[in-house]
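[1] Quick one, what's the 3D model for this:
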Amino acid sequence: MDEADYLPLSSLSQYLWCQRRCALIHIEQVWVENLFTAEGRVMHEKAHEERFQESKGVRVERGVALCSKRLGLNGKADVVEFHGQGKDWLAFPVEYKRGKPKSDDCDLVQLCAQCLCLEEMLGARIPEGAIFYGRPRRRFAVSFDDELRRKTEETVRQAHAFISAGITPKPEYMKKCESCSLMGICMPRSMGHALSMENYFKEALKEE
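    Below you'll find the predicted structure:
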């Protein structure tokens, strides 16, 4: 795969959270910032500020560049901790999110994709990592078990096919749309209503 066709790691969580948002960002190259994205950006910037530190047998690397040729992925890890185990160091990726844990697996898949990149780069198995959520202000451990690994690789495959197809899905309003920075461009309420009326007239013409 050509490097120009690699997907950013963040596209995986966007694909699972909302395919239309994923398409607007990665196919149509649209981006708008709001309070939530600004808070998230600041959190990521703070996570990347100090490049390296070490204490109590743990080395901390920030803003680590990641890549997987096998999966066609690239991006950055907010933090990768290396825990000393004798002469070896065990990698432990940590992702920072501004909000709270989500009801779906989009954040888990993004972190697991970071794990798969690190494993390919380091040639070592990584059993777990963590996500730090800003709203409860604490870490949540994530186990990279076989089920999560399978879901992550399948999501990578689907996201590649989705973005390569270059088709932006029609809007569908959901409660989570209210916090989306692209709501003003996506217009799920008005566009959804327009599509409903279009379908109504199509069905009416069929009956004549």
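
[2] all strands of the protein, in order?
    Here the chain has its strands, by DSSP state E, at 7-8, 52-55, 58-68, 73-85, 88-97, 128-133, 138-143.

[3] how far away is the closest residue in space to K100 that isn't next to it in sequence from H160?
    With sequence-adjacent residues excluded and distances taken as Cβ to Cβ, 6 or more residues apart in numbering, K100 is closest to R135, at 4.2 Å. Just so you know, the C-beta spots here come from the backbone N, C-alpha and C atoms, and that holds for glycine as well. R135 sits 32 Å away from H160, going by Cβ to Cβ, to the nearest Å.

[4] ok, the residue nearest to K100 - contacts?
    Applying Cβ atoms under 8 Å, 6 or more residues apart in numbering to R135 gives the contacts R98, G99, K100.

[5] from those, which would you call buried?
    R98 (16 or more other Cβ atoms under 10 Å).

[6] S179: which of the contacts of R135 is nearest?
    The nearest member of those to S179, counting by Cβ to Cβ, is G99 at 8.4 Å.

[7] OK, contacts around P169?
    Q19, R20, A23.

[8] From these, pick the one nearest G123.
    Closest approach to G123 among the contacts of P169 (Cβ to Cβ): Q19, at 33.9 Å.

[9] What pLDDT is listed against that closest one?
    Q19 is assigned a pLDDT of 95 by the prediction.

[10] burial measure for it, as a count.
    17 (other Cβ atoms under 10 Å).

[11] confidence score at the residue nearest to it when sequence neighbours are not counted?
    The spatial neighbour of Q19 that comes closest, neighbours along the chain excluded (Cβ to Cβ, 6+ apart), is P169 at 5.2 Å. Listed pLDDT for P169 reads 93.

[12] Would you mind listing where this protein has pLDDT under the threshold?
    Per-residue confidence of the chain (counting by pLDDT under 70) places the weak regions at 33-54, 191-208.

[13] Can you give me the domain assignment for it?
    Domains of the chain are assigned by automatic domain parsing as 3-169, 171-208.

[14] Buried deepest among these, which one?
    Of all the domains of the chain, domain 3-169 carries the top mean neighbour count, a mean of 16, counting by mean count of other Cβ atoms under 10 Å.

[15] and the end-to-end length of that domain?
    Using Cα to Cα, to the nearest Å, one end of domain 3-169 lies 26 Å from the other.

[16] One more: stretch 93-111?
    Using Cα to Cα, the span of stretch 93-111 from its first residue to its last is 7 Å.
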